[in-house]
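> please find the sequence and the predicted model below.
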Amino acid sequence: MADTKSFTSIPEVDISGLYSTDLEKREAVARELGDAARNIGFLYISGHRVDPTLIDGVRSAARDLFALPMERKMAYYIGRSATHKGYVPEGEEVYGTGRPDHKEAFDIGYEVPADNPLVLAGTPLLGPNDWPDVPGFRERAEAYYRAVFGLGRTLFQGFALALGLPENTFDDMAKYPPSKLRMIHYPYDAEAQDAPGIGAHTDYECFTILLADAPGLEVMNERGEWIDAPPRPGAFVVNIGDMLEVMTAGAFVATAHRVRKVGEERYSFPLFYACDYHTAIKPLPAFAEEDSGYEALKIGDHMWSQALQTYQYLVRKVERGELALPSGARGTATFGRLKK
Ligand SMILES: O=C(O)CCC(=O)C(=O)O
Ligand SMILES: [Fe+2]
């Protein structure tokens with residue numbers, strides 16, 4: 001077989017067959033999903049059922065929000081949030097490269113009510129969102145979130161089939177997950193000196209469903225070359241995250257990607273599909289071996305520890321001893337292609 005890991009383009013999978021009552025049709029899609037997840041870790045999906053009006057809605061909600069004056073955005077500063085949600089100004093996030101990303105963002109969590117036992121127990125990342133006072137923002141953001149999260153559930157059933165597992169394997173694993181929808185705004189800046197939009201990284205969760213409105217996303221192949229993943233009309237970009245790589249003991253791969261220095265203003269909307277906070281990140285029984293090289297770590301602890309090491313307000317809290325890394329925390333960039 002050809003060395004598909006040195007891919008030079010990203011495949012597109014029409015997932016409409018996943019909605020079929022005919023198992024053979026679902027399996028046919030699953031085979032394509034599996035090929036892409038094993039060999040590339042990235043794919044486009046078309047044939048999904050997310051209503052275009054919801055996509056327009058999330059885009060207009062983001063434009064309304066980012067157009068606000070800085071002091072109004074900073075009223076929702078993530079550093080003031082009890083559960084790590086809200087406005088993320090440029091310079092707040094710094095990955096391993098030490099260079100801040102050239103972007104601002106608004107982080108929306110899975111809406112978990114304040115009286116939920118997980119919230120009452122003080123589980124990091126989980127709780128209600130502090131919705132900005134922008135007309136219709138919450139409605140548009142939540143409608144998009146719900147639709148794309150639902151798509152994630154369907155997609156996960158396809159991945160389960162692709163892995164030779166029962167289709168419902170993952171159905172109950174994401175009831176109140178620390179899954180974020182991020183609205184990201186990369187402002188155009190003619191003065192920007194070689195500043196990447198987002199530095200190279202893998203995503204932490206099971207997989208990511210991304211909507212973007214302009215080119216800039218690049219994906220690293222096995223030879224270390226950067227392959228363009230521009231948006232395609234009607235399609236989402238999907239990529240495998242750290243958690244699913246571990247659950248499959250590396251059968252599916254969390255592939256590194258980045259956003260290059262922007263030549264035009266750009267918006268993007270990744271939804272990170274995670275399992276519930278206390279889900280152990282370890283190979284599923286079907287993939288477990290004596291020596292898989294993966295230590296058990298909870299998905300939430302992994303996500304929280306990564307945030308503690310990359311968001312500057314959290315880095316300072318750790319330095320001051322106000323917060324501590326969860327036990328077993330890994331450094332940044334220790335999964336996927338970057339771990340090599
Ligand atoms: O903006 C993009 O296209 C990708 C964003 C991304 O990789 C991330 O937020 O993890
Ligand atoms: Fe990413």
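Yep, it's here. Ligands and ions are numbered 1, 2, ... in the order given.
> can you name the residue of the chain nearest ligand 1?
Ligand 1 sits closest to Ser268 of the chain, with a gap of 3.2 Å, by Cβ to the nearest ligand atom. (Each C-beta comes from the backbone N, C-alpha and C, glycine too.)
> list the contacts for that residue?
182, 184, 186, 210-213, 217, 259 (Cβ atoms under 8 Å, 6 or more residues apart in numbering).
> try 6 Å
184, 212 (Cβ atoms under 6 Å, 6 or more residues apart in numbering).
> what pairs with the helix or strand harbouring it, and is each one parallel or antiparallel?
Using DSSP states H and E, Ser268 falls within strand 266-273. Note on strand 266-273: by DSSP bridges, its sheet partners are strand 180-186 (antiparallel), strand 207-212 (antiparallel).
> can you redo those strands as a markdown table with mean pLDDT and distance to ligand 1?
Below are these laid out as a markdown table (pLDDT from 0 to 100; distance: least, Cβ to the nearest ligand atom, whole Å):
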| stretch | mean pLDDT | distance to ligand 1 |
| --- | --- | --- |
| strand 180-186 | 96 | 5 |
| strand 207-212 | 98 | 4 |
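> in JSON lines, list the ones you listed along with mean neighbour count and distance to Tyr311.
JSON lines is the format used below for these (neighbours: other Cβ atoms under 10 Å; distance: least, Cβ to Cβ, whole Å):
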{"stretch": "strand 180-186", "mean neighbour count": "22", "distance to Tyr311": "12"}
{"stretch": "strand 207-212", "mean neighbour count": "23", "distance to Tyr311": "18"}
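> now these as TSV including distance to Ser327?
Compiled in TSV, the strands paired with strand 266-273 are given as follows (distance: least, Cβ to Cβ, whole Å):
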stretch	distance to Ser327
strand 180-186	23
strand 207-212	26
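> so which of these gets nearest Pro113?
Nearest to Pro113 among the strands paired with strand 266-273 is strand 180-186; the distance by Cβ to Cβ comes to 17.3 Å.
> how close does His302 get to Asn129?
According to Cβ to Cβ, to the nearest Å, His302 stands 22 Å off from Asn129.
> typo on my end, it should be Ser46
30 Å.
> and those two? Which one has more around it.
Asn129 (22 against 14; other Cβ atoms under 10 Å).
> tell me the pLDDT at the more buried one?
At Asn129, the pLDDT value in this model is 97.
> same check on Val50?
98.
> for Thr83, which non-adjacent residue is spatially closest?
Gly127 (3.7 Å; Cβ to Cβ, 6 or more residues apart in numbering).
> next, the contact list for that neighbour, please.
Gly127 makes contact with 83, 112, 119, according to Cβ under 6 Å, 6+ apart.
> so how far is stretch 219-238 off the chain centroid?
Stretch 219-238 has its C-alpha centroid displaced from the chain centroid by 15 Å (Cα atoms, centre = their mean, to the nearest Å).
> centroid-nearest residue for the protein?
Most central in the chain under Cα atoms, centre = their mean is Phe272, positioned 2.9 Å from the mean C-alpha point.
> so what's the closest residue in space to that residue that isn't next to it in sequence up against?
Counting by Cβ to Cβ, 6+ apart, Phe272 lies nearest to Glu205, which is 4.2 Å off, once chain neighbours are set aside. For Glu205, the contacting residues are 241, 243, 272-274, by Cβ under 6 Å, 6+ apart.
> show me which of these neighbour ligand 1.
Residues of the contacts of Glu205 in contact with ligand 1 (Cβ under 6 Å from any ligand atom): none.
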